[in-house]
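In: this is a predicted model, with the sequence first.
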Amino acid sequence: MNFSLNKPAGVDIYFNYLDTPSDDFIKNYYTKEVFQGKKGEIYSALDLDQPRVYLGLGSFEGMTYNRLRDALASLAHFLCQRKIDSINLKFEKFEGMCTRRTTLAYVEGLRSCEYKFDKYLQEKHTWSLKNININVEDDKLDTLTSALQEGNTLVDSIFLTRDYVNTPAMDLYPSVYAESVKETLEKDGVTVHIYGLEDIQKLGMKAFLSVAQGSDKEPKLLVMEYKGNPSSDKTIAYVGKGLTYDSGGYCIKSPKGMVTMQSDMGGSATVVGALSAIAREKLPINVVGVCALCENLISGSAYKTGDIIGSMKGLSIEVGNTDAEGRLTLADALYYAVETYKPDFVIDLATLTGACIVALGDLAAGLITNNDDLYEKVLRASTISDEQVWQLPNLEGYQEYIKSDVADVKNTNTIPGAGTITAGLFLEKFVEETPWVHLDIAGTAWLDRKIGALPKGGTGSHVKTLYQVAKLSSKEN
């Protein structure tokens, strides 16, 4: 898809708002209540001498990134269905939305028609918009040129994350996944290390290995280093859950619960997508990504409930549920990240708990933190990206929920309730004093239905948030 500025060609797009028609032609249809300017509403007049399409954006006041993005996504899919490949539209300025954020919404919305996970389909997705001209005032040309590049980079990285999440476990297991990431990210300037079973054993990652031991696929520790500011000793760390398939182990999931479990590596794929965007945009900051990749399966060697396992930190863990495996792999990955790289802060992402979906549905990620300043940064980044996060309480009393009589900590609750919170607080035990945020993206990383510009399946949610966290942090160096 090619974006140009002030080079009109193709079908004209007219923006309309509730009760505010853009011209006399469409005003007639407002009065007949055929078209009202609602978000995503479309009226086409393709038989005119100069073909045009009218797009509703809803209320002009209080415009949000996602509302604009989703309306433009409706337009893009409408145009592709009619095999229209070239359009002109104006750049609209909204109160409360900066030029750059508005441009990013244009790119993400219009490019949404490009994404289709058709790797296994005989009939491939072939049609998309080819030429998009945006008419803009001359004083905004430089900003839009830069923002268009950034927007395209972010969308490419989101698509990369979606492809990984959507790929079945039969074709994306730890070794294949790790090698694919290495090949992809090293082209962007990221150094990628892949550590195998013997390396993981030498590191003492006993919690990670306990989860992995039920599978015949070798676990891999994936470490990605981007040095955008080599002269600085400051580093930020992103850690992602990398369960390429989760059966639940001996606490086996229901058949329905296992259908989408190739997506249980969504946290790791988000980290990979964010690092790709950060590197391609050459942000002046040092970022490390750590992902413990494995499968959680059943076999004679699989770990069991009642086991008392170790960890890289040295804490013993009572296994109360083999389906609470993600926090075990993350525990060792987090400890490795903070001990090896001494980052200024660490953020982990995981499709961790069904409890988060119960609490927040699929519109927001749950957040637990030990540091208010880092929370404010993540909140600001998520606001810029319009990727919602919701802070859950980190109260001292919740630690009682994961106490064990026979080990230092238990991987499930001894007291019912607060499943998302206690999963996060389990992870907090492995970050030492490092400022830390945990994002539970169980609801947002995978959708069972299309929502606006987001497709069914893998969404790539919070790639933008991690990118914006790094961008905000780079300005502080």
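Out: Here it is on my side, so go on.

In: please count neighbours and contacts with C-alpha atoms only from this point.
Out: OK.

In: those strands in the stretch 351-477 of the chain, which residues are they?
Out: Using DSSP state E, counting those that start in this stretch, the strands of the stretch 351-477 of the chain run over 365-369, 389-391, 409-410, 436-440, 446-447, 457-458.

In: looking at those strands, spot the one closest to Val223.
Out: With Cα to Cα as the measure, strand 436-440 is the member of the strands of the stretch 351-477 of the chain nearest Val223 (18.5 Å).

In: for Val290, find the nearest of the strands of the stretch 351-477 of the chain.
Out: Here strand 436-440 is closest among the strands of the stretch 351-477 of the chain (Cα to Cα), at 14.1 Å.

In: tilt between the closest one and strand 365-369?
Out: Strand 436-440 runs at 160 degrees relative to strand 365-369, counting by axes from the mean of the first three to the mean of the last three Cα atoms, to 10 degrees.

In: and strand 436-440, what does it pack onto?
Out: Applying 3 or more Cα pairs under 8 Å, 6 or more residues apart in numbering; DSSP states H and E, one finds that strand 436-440 makes contact with strand 345-350, strand 365-369, helix 372-385, helix 419-428.

In: apply 10 Å and report the result again.
Out: Where contact means 3 or more Cα pairs under 10 Å, 6 or more residues apart in numbering; DSSP states H and E, strand 436-440 is packed against strand 236-246, strand 345-350, helix 354-360, strand 365-369, helix 372-385, strand 389-391, helix 419-428.

In: what pairs with it, parallel or antiparallel?
Out: strand 345-350 (parallel), strand 365-369 (antiparallel) (DSSP bridges).

In: Thr20: which of these is closest?
Out: strand 365-369 (35.4 Å).

In: hey, which helix or strand in this protein has the poorest pLDDT?
Out: One helix or strand of the chain scores below all others by mean pLDDT, DSSP states H and E: helix 24-31, with a mean of 93.

In: mind listing what's buried along it?
Out: 26-27, 30 (16 or more other Cα atoms under 10 Å).

In: can you redo the residues you listed as JSON lines with distance to Thr434?
Out: Shown next, in JSON lines, are the buried residues of helix 24-31 (distance: Cα to Cα, whole Å):
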{"residue": "Ile26", "distance to Thr434": "58"}
{"residue": "Lys27", "distance to Thr434": "59"}
{"residue": "Tyr30", "distance to Thr434": "57"}
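
In: from those residues, which is closest to Lys140?
Out: Ile26 (28.8 Å).

In: list the contacts of the closest one.
Out: Applying Cα atoms under 10 Å, 6 or more residues apart in numbering to Ile26 gives the contacts 14, 16, 20, 34-37, 43-45, 53-54.

In: cool, Ser247 as well?
Out: Counted by Cα under 10 Å, 6+ apart, Ser247 has contacts 253-255, 257-259, 261-262, 295-298, 322-323.

In: if we can go back for a sec, deepest-packed of the helices and strands packed on strand 436-440, please.
Out: Per-stretch averages of neighbours, counted by mean count of other Cα atoms under 10 Å, single out strand 236-246 among those, with a mean of 28.

In: what pairs with that one, parallel or antiparallel?
Out: Sheet pairing here is set by DSSP bridges, and for strand 236-246 it gives strand 286-296 (parallel), strand 345-350 (parallel).

In: follow-up on the earlier one: are any of the contacts of Ile26 buried, and which?
Out: Buried among the contacts of Ile26 (16+ other Cα under 10 Å): 14, 16, 20, 35-37, 43, 53-54.

In: for Phe60, find the nearest of the strands paired with strand 436-440.
Out: Here strand 365-369 is closest among those (Cα to Cα), at 27.7 Å.

In: with only the CA atoms kept, save the closest one in PDB.
Out: C-alpha atoms of strand 365-369 as PDB (Å, rounded to 0.1, in the frame of the first residue of the first chain):
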ATOM      1  CA  ALA A 365      -5.500  -5.800  29.600                       C
ATOM      2  CA  GLY A 366      -5.100  -6.200  33.400                       C
ATOM      3  CA  LEU A 367      -2.100  -4.500  35.000                       C
ATOM      4  CA  ILE A 368      -0.200  -5.100  38.200                       C
ATOM      5  CA  THR A 369       2.800  -3.100  39.300                       C
END
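
In: Arg327 contacts Tyr335, correct?
Out: No: the criterion here is Cα atoms under 10 Å, and Arg327 misses it with Tyr335 at 11.9 Å.

In: hang on, Leu89 in a strand?
Out: Yes: counting by DSSP: H, G, I helix; E, B strand; the rest coil, Leu89 is found in a strand.

In: that one bridge partners, please.
Out: Ile134.

In: tell me the contacts of it?
Out: 5-6, 8, 10-15, 53, 132-136.

In: check Val271 too.
Out: With Cα under 10 Å, 6+ apart, Val271 has these contacts: 161, 224, 237-241, 277, 288-291, 347-349, 460, 462-463, 466-467.

In: burial count for Glu433?
Out: 12 (other Cα atoms under 10 Å).

In: ok, it to Val346 distance?
Out: 11 Å (Cα to Cα, to the nearest Å).

In: next one: Met1
Out: For Met1, the distance to Val346 (Cα to Cα) stands at 35 Å.

In: how about His438?
Out: Distance, His438 to Val346, using Cα to Cα: 9 Å.

In: okay, and the common contacts of the two?
Out: Shared contacts of His438 and Val346, defined by Cα under 10 Å, 6+ apart, comprise Val239.

In: have a look at this protein and report its longest helix.
Out: Longest helix in the chain by number of residues (criterion: DSSP state H): helix 141-166.

In: now it, how far from the chain's geometric center?
Out: 13 Å (Cα atoms, centre = their mean, to the nearest Å).

In: surely Tyr245 and Met265 touch.
Out: Yes: between Tyr245 and Met265 there is a contact under Cα under 10 Å: 7.6 Å.

In: so which residues of the protein form helices?
Out: Along the chain, the segments classed as helices by DSSP H run 24-31, 65-81, 99-111, 141-166, 174-187, 197-203, 206-212, 255-258, 266-280, 326-341, 354-360, 372-385, 419-428, 463-474.

In: picking that back up, which of the contacts of Ser247 sit farthest apart?
Out: Val259 and Thr322 (18.0 Å).

In: neighbour count winner among the two?
Out: Shown here are Val259 and Thr322; by other Cα under 10 Å, Thr322 has more neighbours (27 against 12).

In: for Pro255, which residues are in contact?
Out: Ser247.

In: again, but for the one 10 residues further on
Out: Met265 makes contacts with 164-165, 169, 240-246, 291-295, 326, 349-352, 445, as judged by Cα under 10 Å, 6+ apart.

In: skipping adjacent residues, who's closest to Ala279 in space?
Out: Nearest non-adjacent residue to Ala279, counting by Cα to Cα, 6 or more residues apart in numbering: Asp188, 5.8 Å away.

In: one more: Gly361?
Out: Per Cα to Cα, 6+ apart, closest to Gly361 is Gly443, 5.8 Å.

In: do Glu186 as well
Out: Val192 (6.8 Å).
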